[in-house]
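# next comes the sequence, and after it the predicted model I'd like to discuss.
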Amino acid sequence: MIKKNIVAGLYAQIINSIIPVVSIPLLLSYLGEKDYADWIVVSLFPAYIAASDIGFSYVMCNDIFINYKNYKRSVKRAIYTTAIFFTCFVLIVIAAALLLVTLLVGEINNYSAMVSLICWGAISLYNPFIELKFKINDVYHEFLFLINSIRLIEWLVSVFLLIFTQEILPMAISLFITRLALTIFLAAYSSRFNRKVIFKKSSFDIIFIKRFYRKSILFSSFSLSNILSVQGITYVVSVIYSDALLILFNAYRTLTRFMTQLLAVINKAYWPRFSVLYGNSDVKNLKIKVHECRNISFLLLCISSIVLLIFAELAVYLWLGRDFYFDRELFTSLLFIAVLNGIWQTDWVLLMASNKHDDFAIKLFLIYATSLLGFYLSSISLPLQKAVCSVAVFEIFIIYICVFKNGTKLEIFSSKEPT
C-alpha cells in the first residue's frame, strides 16, 4: 500500500503546489499589493487555530491505530470519543481567546475575513478522526485523494469569487462554507468503513485525558514549532521590511518549500507502515522500512535542490513577471534552509508514527523559539538576505539532535511501551 500512498501523496503535492503558484499572481492582480499583504496576515490565523487540539486528536487516534488488534472495542470507542470531546473544548477556549485578543489589539484590517478563516481552520481539526478510519481499513490513499480534492474544490470556488468581487471577505467565507459541506460528506463516506471506532457520548472517560495529556501537549508543540518557523518568521518580515520584500520572501519560500513538501509526501506514505510494524513489535522490518525511506528521501532531496537552483530564476520570472526582480542570494539562503529541513524529516515521522516524540518535541520547540528570536534580532540591523542565514544555524542543530544524537536511534523501538 506504500506505492498507492505515494501516488496519492504526489496528487496531494500537485494540488498543494498548483494552488500557491497560481494564487500569488491572481491575488496580486485582483487585490493589489496592499490588500494582498492584508490577506497574508489574516491567512496566518488558520495555522494558529490548528494548534488548539493540543495534539490529542493525532496522538489518541495514532494510539488506536498502533494498538488496533490489542484493544477491545469499548477501549477504542472510549479513546475516540474522549479525543473528540476534548478537542472541541480546547478549540472553543483558544478560538475565543484569539478573537478577543485581536479585537482588543485592533490591528487586523479584515476582522470578518479573519473570523471566517478561523472557522475554516477549525473544521480541519476533525480530519484526524476521519483519517483514522481510512488507515484502519488500509485505504489511507483514498483519504489523501479525497481530502486534497476538497482543498482543490474550495480553492476553485474562492478564486471564482476573487475574480468577480476582488475582495478578501467573499473568498474567506467561501472557503469556510465549502469546507464545511465537503467535510460533512467525507465524514459520512468514512462511516461505512468501520463501526468499531465511532463517537458515543456515553463512552467519554477522563482517564484517557490523564493518560495521553503529556504526549499530546508535546505533540502539539510540533504545530507551535511550525508556527514559529513559518508564520512567525513571515510576521517578522511583514513588520520590519516593506510589503514588496514580504511578497518576494513569501514567493521564494513557497518555491523552496516545494522540495520539503515532496519529501513529506514520501515520508508520510510510510507513516502507516511504521505504525503497524511498531505496533506488532517487528523491529527488524521497521529498520528496513526506515532505511528505505531515508534513501528515497535523500535522492529526491539532491535532485530537487539541483533543479531549483537551475530553474529558479526562470520560474520566478514566469510566476511574478517583470515587476519583481530575482534576488539569488535570498533564494539560495532559503533553499539551503529547506535542504537542511528535509534531512531530518524521516526521523521526525518515525517518532510521530510510534508516539515516541516526547523528547524531540521539547527540543524542537525550544530551538525554533530561539531561532525566531535570533531572526528578529538579526532583522533589526541586517538586510533580509543576511538575516535569514541565522535560521540555517538552528536547522543544523536540529539535524544533530534528531538524526545523529539520540532522538531517533532505532534501538529505542526494540521494546514497545505497555498499552
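That came through, no problem.

# so who does residue 261 touch?
Contact analysis of residue 261 by Cβ atoms under 8 Å, 6 or more residues apart in numbering lists 13, 16, 17. C-beta coordinates here come from the backbone N, C-alpha and C atoms, glycine included.

# just give the nearest non-adjacent residue to the first one, would you?
Here the nearest residue to residue 13 in space, its sequence neighbours aside, is residue 265; by Cβ to Cβ, 6 or more residues apart in numbering that works out to 5.0 Å.

# for the second one, same thing?
Take residue 16 and drop its neighbours on the chain: the residue closest to it by Cβ to Cβ, 6+ apart is residue 261, 6.1 Å away.

# could you point out which element follows the helix or strand the one you found falls within?
Assigned by DSSP states H and E, residue 261 belongs to helix 243-279. Proceeding N to C from helix 243-279, the next assigned helix or strand is helix 283-320, under DSSP H and E.

# show me what that next one is packed up against.
The helices and strands touching helix 283-320, judged by 3 or more Cβ pairs under 8 Å, 6 or more residues apart in numbering; DSSP states H and E, are helix 2-42, helix 243-279, helix 328-343, helix 345-353.

# just the buried positions in it, please.
By neighbour count on 16 or more other Cβ atoms under 10 Å, the buried set for helix 283-320 is 283, 286, 289-290, 293-294, 296-297, 300-301, 304-305, 308, 312, 315-316, 319-320.

# nearest spatial neighbour of residue 209, skipping sequence neighbours?
residue 86 (5.8 Å).

# what about the one you found, which helix or strand?
Using DSSP H and E, residue 86 falls within helix 73-105.

# who touches the next helix or strand after that helix?
Proceeding N to C from helix 73-105, the next assigned helix or strand is helix 111-123, under DSSP H and E. If you take Cβ under 8 Å, 6+ apart as the criterion, helix 111-123 is touched by 42-43, 45-50, 52, 91, 95, 98-99, 102-103, 108, 168-169, 171-173, 175-176, 179-180, 183.

# give me the buried subset of these.
For the contacts of helix 111-123, a neighbour count by 16+ other Cβ under 10 Å gives the buried set as 42-43, 45-50, 52, 91, 95, 98, 102, 108, 168-169, 171-173, 175-176, 179, 183.

# and the closest residue to residue 131 other than its chain neighbours, what element?
Nearest residue to residue 131, sequence neighbours excluded (Cβ to Cβ, 6+ apart): residue 143, at 5.3 Å. Assigned by DSSP H and E, residue 143 belongs to helix 140-165.

# going by neighbour count, list what's buried in that helix.
By 16+ other Cβ under 10 Å, the buried positions in helix 140-165 come out as 140-148, 150-152, 154-155, 157-159, 161-162.

# packing partners of that helix?
Packed against helix 140-165 by the contact rule (3+ Cβ pairs under 8 Å, 6+ apart) you find helix 2-42, helix 127-136, helix 168-190.

# deepest in the core, which of those is it.
Burial of these is given as mean neighbour count (mean count of other Cβ atoms under 10 Å); helix 127-136 ranks first at a mean of 22.

# what about the closest residue to residue 59 other than its chain neighbours, neighbour count?
In space, and not counting its chain neighbours, residue 59 is closest to residue 216: 4.6 Å by Cβ to Cβ, 6+ apart. Using other Cβ atoms under 10 Å, residue 216 has 24 other residues around it.

# which residues touch residue 216?
Residue 216 neighbours (Cβ under 8 Å, 6+ apart): 54, 55, 56, 58, 59, 60.
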